[in-house]
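Q: Next one to model:
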Amino acid sequence: MRGVEPVEALRRIAFLLERAREPTYRVRAFRTAADLAEKTSPGELAGRARDGTLTALPGIGKVTALVIEEALRGETPVYLRRLEATEGEPLDETTAALRSALKGDLHTHSDWSDGGSPILEMAETARSLGHEYLALTDHSPRLKVANGLSADRLRRQLDVVAELNAGLAPFRILTGIEVDILEDGALDQDPDLLERLDVVVASVHSKLRMDRVAMTKRMVAAIANPRVNILGHCTGRIVKAGGKRGGLRPESEFDAALVFDACAAYDVAVEINSRPERLDPPKRLLRLAVEAGCRFAIDSDAHAPGQLDWQPFGCERAARCAVPASQIVNTLPPDALLTWTRAKPPPSSPRSWPG
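A: Model (predicted):
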C-alpha cells in the first residue's frame with residue numbers, strides 16, 4: 001500500500017482490528033478519527049500535521065495523529081503495516097474455493113439495531129470484499145437489548161435501502177431481518193411486512209434452555225412458516241467468552257434430526273454462522289444437516305464492517321464437513337437467490353434449484 005490516504009488508512013486499520021476481534025473502544029477510536037479526517041479540509045489537515053496540532057482536534061489522539069502524518073508523507077503507516085503483516089494464515093484450497101464461490105452475505109447488522117456502522121459503510125465494505133450483494137438483517141422488535149426494529153422503523157429502513165441501492169448498482173443491498181422465533185414458533189414481526197422482504201433469517205434468542213420437546217416444536221413451527229428462508233445459529237451456543245455476549249453458553253437442546261428434516265422438507269437453509277464465538281452449528285450437527293439434504297448459508301453475522309471478512313471461518317467448517325458448494329444458497333447470483341427466497345414449497349416438495 002503506497003501513497004495511502006489518511007482516511008483510507010484509518011478505516012483499513014479499524015477493519016483489521018474488527019476482524020481480529022480487538023476491543024470495540026480501540027476500533028471506534030480509528031473510525032472516529034477517519035470520520036473527522038474526512039470532514040476536515042485537506043489543507044487544514046496538512047497544516048496541522050506540519051504544526052503538530054492534529055491532536056487538538058476532538059477525536060484525534062497520538063496514535064491516530066501519527067497514522068495521518070505518515071499517510072500524508074506518502075508512507076504506509078507503521079500501525080497499518082504491522083496489522084497487514086499479521087493478517088492471518090492462508091486458506092487451504094477447499095476453504096478458499098468455497099470462499100471464492102460466495103457471492104454475498106445473508107446475515108448482517110447495521111447501527112439501526114445493534115451493529116456499529118451505517119448501512120452504506122457495511123455495503124461498501126461487502127462490495128470491496130468481492131460480494132455482489134449483502135442482506136441487511138437487523139433484529140426484530142422483541143429483542144429490545146439489540147434495539148430491534150419496530151414495524152414502522154423497518155418500513156423506514158426499506159426506503160433508505162431503496163435510495164442507497166440506486167447509487168450502489170450493480171451491487172445490491174437485499175432487504176431482510178433476523179426475526180426472533182417466539183416461544184410458540186411464531187415470528188416477531190408483522191406478517192405482511194415480512195412478505196415485502198428479500199431475505200428472512202429466523203433465530204432463537206430467548207428461553208434458550210427450553211426443554212428438548214418444546215424447543216423442537218418451536219423451531220419446526222418457524223421453519224414451516226412460508227416467509228422463513230434461513231434458520232440462524234441453530235444451537236445458540238457461545239464457545240468463546242468475551243465481547244457483548246459475555247461468558248460461554250451451552251447448546252440449546254432439540255431433536256436435530258427432526259429439525260434438519262424439516263429444513264430439507266420446507267427448503268429452509270441451515271445457517272453456518274461464522275462468528276468466532278459461535279461457530280454454529282457444531283460440526284457433528286453440520287454433518288447431520290448435510291446427510292438430511294439441507295441447503296446452507298455461510299454468513300458472517302457481522303455487526304461491524306471488519307466482521308464481514310469472517311466468512312472464511314464458516315467456509316473452513318463447511319469444507320471439513322463436506323458441504324457441497326451447490327447446496328450453499330449464497331453462491332447464487334442475486335436474481336437466482338431471490339427466485340429461491342420467494343418460492344416456498346409445500347412440505348416434502350423441495351423447491352427447484354434456480355440457475
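Q: Spell out the residue ranges of the helices in the chain.
A: For the chain, the helices defined by DSSP state H occupy 6-19, 24-39, 42-51, 62-72, 78-85, 93-101, 119-128, 151-168, 191-196, 212-223, 256-266, 283-291, 311-320, 334-342.
Q: Tabulate the ones you listed (JSON lines), appending mean pLDDT.
A: Compiled in JSON lines, these are given as follows (pLDDT from 0 to 100):
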{"stretch": "helix 6-19", "mean pLDDT": "93"}
{"stretch": "helix 24-39", "mean pLDDT": "93"}
{"stretch": "helix 42-51", "mean pLDDT": "94"}
{"stretch": "helix 62-72", "mean pLDDT": "95"}
{"stretch": "helix 78-85", "mean pLDDT": "87"}
{"stretch": "helix 93-101", "mean pLDDT": "94"}
{"stretch": "helix 119-128", "mean pLDDT": "97"}
{"stretch": "helix 151-168", "mean pLDDT": "97"}
{"stretch": "helix 191-196", "mean pLDDT": "96"}
{"stretch": "helix 212-223", "mean pLDDT": "98"}
{"stretch": "helix 256-266", "mean pLDDT": "97"}
{"stretch": "helix 283-291", "mean pLDDT": "95"}
{"stretch": "helix 311-320", "mean pLDDT": "95"}
{"stretch": "helix 334-342", "mean pLDDT": "97"}
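Q: Dump those helices into a markdown table; add mean neighbour count as well.
A: All C-beta spots, glycine's among them, are computed from the backbone N, C-alpha and C. Compiled in a markdown table, these are given as follows (neighbours: other Cβ atoms under 10 Å):
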| stretch | mean neighbour count |
| --- | --- |
| helix 6-19 | 23 |
| helix 24-39 | 18 |
| helix 42-51 | 14 |
| helix 62-72 | 20 |
| helix 78-85 | 14 |
| helix 93-101 | 16 |
| helix 119-128 | 20 |
| helix 151-168 | 14 |
| helix 191-196 | 13 |
| helix 212-223 | 19 |
| helix 256-266 | 21 |
| helix 283-291 | 17 |
| helix 311-320 | 22 |
| helix 334-342 | 17 |
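Q: And these: which comes nearest Leu143?
A: Nearest to Leu143, of all the helices of the chain, is helix 151-168, at 12.8 Å by Cβ to Cβ.
Q: if we can go back for a sec, could the helices of the chain be laid out in TSV, adding distance to His205?
A: As requested, the helices of the chain are exported to TSV (distance: least, Cβ to Cβ, whole Å):
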stretch	distance to His205
helix 6-19	22
helix 24-39	21
helix 42-51	43
helix 62-72	36
helix 78-85	33
helix 93-101	28
helix 119-128	21
helix 151-168	17
helix 191-196	17
helix 212-223	12
helix 256-266	17
helix 283-291	19
helix 311-320	20
helix 334-342	22
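Q: I'd like to know which of the ones you listed lies nearest to Ser113.
A: Comparing those by Cβ to Cβ, helix 151-168 comes nearest, at 9.1 Å.
Q: Ala151 and Ile119, how far apart?
A: 18 Å (Cβ to Cβ, to the nearest Å).
Q: Cys263 too?
A: Taking Cβ to Cβ, one finds Cys263 at 29 Å from Ile119.
Q: these two touch, right, Thr55 and Lys62?
A: Yes: counting by Cβ atoms under 8 Å, Thr55 touches Lys62, with 6.3 Å between them.
Q: max-length strand in the protein?
A: Using DSSP state E to define each element, the chain has its longest strand at strand 172-180.
Q: Convert that strand to PDB, retaining C-alpha atoms only.
A: Extracted in PDB, the C-alpha atoms of strand 172-180 (Å, rounded to 0.1, in the frame of the first residue of the first chain):
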ATOM      1  CA  ARG A 172     -27.400  -4.700  -4.200                       C
ATOM      2  CA  ILE A 173     -28.400  -4.400  -0.600                       C
ATOM      3  CA  LEU A 174     -31.100  -7.000   0.000                       C
ATOM      4  CA  THR A 175     -33.900  -6.100   2.400                       C
ATOM      5  CA  GLY A 176     -34.200  -8.500   5.300                       C
ATOM      6  CA  ILE A 177     -34.500  -9.200   9.000                       C
ATOM      7  CA  GLU A 178     -33.200 -11.500  11.700                       C
ATOM      8  CA  VAL A 179     -36.600 -12.200  13.200                       C
ATOM      9  CA  ASP A 180     -37.000 -13.700  16.600                       C
END
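Q: just checking, what packs against it?
A: strand 104-108, strand 133-136, helix 151-168, helix 191-196, strand 199-203, helix 334-342 (3 or more Cβ pairs under 8 Å, 6 or more residues apart in numbering; DSSP states H and E).
Q: mind listing what's buried in it?
A: Neighbour counts over strand 172-180 (16 or more other Cβ atoms under 10 Å) mark Arg172, Ile173, Leu174, Thr175, Gly176, Ile177, Glu178, Val179, Asp180 as buried.
Q: List the single closest residue to the last one in space, sequence neighbours excluded.
A: What sits nearest to Asp180 in space, not counting adjacent residues and going by Cβ to Cβ, 6 or more residues apart in numbering, is Asp188, at 3.8 Å.
Q: tell me the contacts of the one you found?
A: By Cβ atoms under 8 Å, 6 or more residues apart in numbering, the contact set of Asp188 is Ser140, Pro141, Arg142, Leu143, Gly148, Val179, Asp180, Ile181, Leu182.
Q: wouldn't the second one be in contact with Leu187 here?
A: Spelled out, it's Pro141. No: if you go by Cβ under 8 Å, Pro141 and Leu187 don't touch, sitting 11.1 Å apart.
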